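Undergrad: The sequence and its predicted three-dimensional model are supplied below.
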Amino acid sequence: MSKNNDVPQAYVKQEEGYRIKALRLSPWVCGRCAREFEYSNLRELTVHHVDHNHSNNPEDGSNWELLCIYCHDNEHNKYHEHIMYGGSTTERKVEAATHSPFADLKSLLNKSK
């Protein structure tokens with residue numbers, strides 16, 4: 001067996017490992033559209049890596065999100081478009097708030113006494 005044939009098998013084994021763990025940790029519901037799954041259609045529920053790094057598989061599942069195949073494809077398309085084209089020109093920059101709503105709270109509370 002050549003090295004090229006070993007790589008897909010290793011990847012398949014890794015994927016099966018984190019998929020099983022993710023399915024045990026989380027309810028069988030798509031994290032985007034909230035579609036519910038049962039054993040008969042579970043193959044349509046995929047594990048999405050939040051940081052897009054398939055090697056980052058913490059045991060607590062903090063980098064995993066269960067998504068249906070449609071939402072998973074959509075998520076990857078958004079990511080690739082952002083990488084290729086950058087942010088949208090319609091996106092506006094949000095500036096940090098300068099107002100502190102609780103700055104004078106103590107004096108306001110004492111005023112009612």
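TA: Yep, it's here.

Undergrad: residues in contact with the helix or strand where residue 81 lies?
TA: Taking DSSP states H and E as the definition, residue 81 sits inside helix 69-85. Residues outside helix 69-85 that contact it (C-beta atoms under 8 Å, 6 or more residues apart in numbering): 30, 31, 32, 33, 44, 45, 46, 48, 52, 67. C-beta: built from backbone N, CA, C; applies to glycine.

Undergrad: so who does the closest residue to residue 60 other than its chain neighbours touch?
TA: Setting aside the residues directly before and after it, residue 60 is nearest to residue 25 in space (C-beta to C-beta, 6 or more residues apart in numbering), at 7.9 Å. By C-beta under 8 Å, 6+ apart, the contact set of residue 25 is 60, 61, 64.

Undergrad: Among those residues, name the buried ones.
TA: 61, 64 (16 or more other C-beta atoms under 10 Å).
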